[in-house]
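Asks: Return atomic coordinates for the entry below.
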Amino acid sequence: MAIIAFSISVSLIVALLAMPSPPAGPGLPRRAPDFSLTTDEGSFVSLSQFMGRPVVIHFVILVCCSYSALEVGYMKEVEPVATDVGAVLISIAMNSSYNYFSPQEYRNLMGFNWTLALDLDGVVQRLYSALETSTYVIDAKGMIRYQDDETTAPSLLAQWLRGVSNN
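Replies: Numbering: from 1, shown residues only. Next comes the predicted model:
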């Protein structure tokens, strides 16, 4: 009997550890603020155009340092998962005194293919209360389900994306 009880306890612990992490950040889920921004390629992008699909928004500053390279590298690792679940990746360049490169130089240097939107007046940053490392995972209904104001590990971001794609 003790072996069965122990086995059930271990199974419950394993199941709990395998569950997706709870949403990070206060007040989640909450409606994602809509925005319309110019991209580095001169087109416009808005959150509302992706209604019905999960969206990852990642705020960046236009600087090349090991930290920026790490964050973009993490997004590159998640890109196949995003493609698999039909999600959209959007990096939003923030207004920062640390911006060193033009948006085109930044894209070329970092070598990524997803949307780079320009929030150089800081309006969207303020709407989201974003830091230069903030990442938001938005579900198909436009609700922020996950928020991380630190560098988000690709495995966790992939887990969050799979979680919102199943809702």
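Asks: low-scoring stretches of this protein, by residue?
Replies: Across the chain, the ranges flagged by pLDDT under 70 are 1-26, 167.
Asks: helices or strands up against the longest helix along it?
Replies: Using DSSP state H, we find that the single longest helix of the chain is helix 66-85. Helix 66-85 makes packing contacts with strand 55-60, strand 88-94, helix 103-110, helix 154-165 when contacts are defined by 3 or more Cβ pairs under 8 Å, 6 or more residues apart in numbering; DSSP states H and E. No exception for glycine: its C-beta is placed from N, CA and C like everyone else's.
Asks: For Ala130, which of these is the nearest?
Replies: Among these, the nearest to Ala130 by Cβ to Cβ is strand 55-60 (4.4 Å).
Asks: Tell me, how many residues neighbour the closest residue in space to Tyr74 that isn't next to it in sequence?
Replies: Nearest residue to Tyr74, sequence neighbours excluded (Cβ to Cβ, 6 or more residues apart in numbering): Pro154, at 4.6 Å. Pro154 has 16 neighbouring residues, counting by other Cβ atoms under 10 Å.
Asks: list the contacts for Pro154?
Replies: Applying Cβ atoms under 8 Å, 6 or more residues apart in numbering, we find Pro154 in contact with 74-75, 77-78.
Asks: Just the buried ones out of those residues, please.
Replies: 74-75, 78 (16 or more other Cβ atoms under 10 Å).
Asks: quick one: which of these is nearest Ser91?
Replies: Taking Cβ to Cβ as the measure, Ser91 lies nearest Met75 of these, at 7.2 Å.
Asks: circling back: now the buried ones among the contacts of Pro154 in TSV, with distance to Tyr106?
Replies: Listed next are the buried ones among the contacts of Pro154 as TSV, based on distance: Cβ to Cβ, whole Å:
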residue	distance to Tyr106
Tyr74	16
Met75	13
Val78	19
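Asks: between those, which is nearest Thr39?
Replies: Thr39 lies nearest to Met75 out of the buried ones among the contacts of Pro154, by Cβ to Cβ, at 16.0 Å.
Asks: and the gap between that closest one and Asp34?
Replies: Using Cβ to Cβ, to the nearest Å, Met75 is found at 22 Å from Asp34.
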